[in-house]
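Asks: got a structure for you, letters missing:
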């Protein structure tokens, strides 16, 4: 009987821990972006943004939205670990001429999300070298 009670107690503890992790929302990043930029095929105006990873059944997508509610975009990304060991929360943009393209989201915990290059960015890259612009996020 004691073994059964112990087994039930262990199972309940594991269930509570797992449920807590499922309900926990990842920390959202915020950043002030002082220029118009492109995310995928969407042009986003300068402003204060919130970036959030949203888990789904098949993976994770990024939700990027203006804090004032003006613009938002949802997109798929690829997880990666920065090779320089960067643990700062940052947004990395590729700058070609007068266009900025969001390229990476560094979460501040040693992990990041890589965005897919859009057709517009690939075309801009053919016409010139990219300048990398890094903005701090919180």
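Replies: Now that the structure is in, tell me what you want to look at. In this text the structure is predicted, and so the values were computed from the model without any measurement.
Asks: give me the number of residues near the closest residue to residue 34 other than its chain neighbours?
Replies: Leaving out its chain neighbours, the residue that sits closest to residue 34 by Cβ to Cβ, 6 or more residues apart in numbering is residue 46, at 5.4 Å. (Each C-beta comes from the backbone N, C-alpha and C, glycine too.) Residue 46 has 13 neighbouring residues, counting by other Cβ atoms under 10 Å.
Asks: Just list the residues touching residue 46, thanks.
Replies: 33, 34, 35, 36, 37 (Cβ atoms under 8 Å, 6 or more residues apart in numbering).
Asks: which secondary element of this protein has the worst mean pLDDT?
Replies: helix 2-23 (a mean of 50; mean pLDDT, DSSP states H and E).
Asks: ok, then the element right after that one?
Replies: Counting by DSSP states H and E, the element after helix 2-23 in chain order, helix or strand, is strand 29-33.
Asks: contact partners of that next one?
Replies: With contacts defined as Cβ under 8 Å, 6+ apart, strand 29-33 is touched by 44, 46-52, 67, 89, 91, 105, 107-108, 135-138.
Asks: Neighbour-wise, give me the winner out of the contacts of residue 46.
Replies: Neighbour max across the contacts of residue 46 (other Cβ under 10 Å) = residue 37, 23 neighbours.
Asks: Show the pLDDT at residue 24.
Replies: Residue 24 carries a pLDDT value of 48.
Asks: just so I have it, where are all the strands in the chain?
Replies: 29-33, 37-39, 42-44, 47-56, 59-66, 72-80, 89-96, 99-107, 112-115, 131-136 (DSSP state E).
Asks: Minimum distance to residue 121: which of those strands has it?
Replies: strand 99-107 (4.5 Å; Cβ to Cβ).
Asks: pLDDT averaged over the closest one, what's the number?
Replies: 96.
Asks: which helices and strands sit right next to it?
Replies: On a contact count with 3 or more Cβ pairs under 8 Å, 6 or more residues apart in numbering; DSSP states H and E, strand 99-107 meets strand 37-39, strand 89-96, strand 112-115, helix 119-126.
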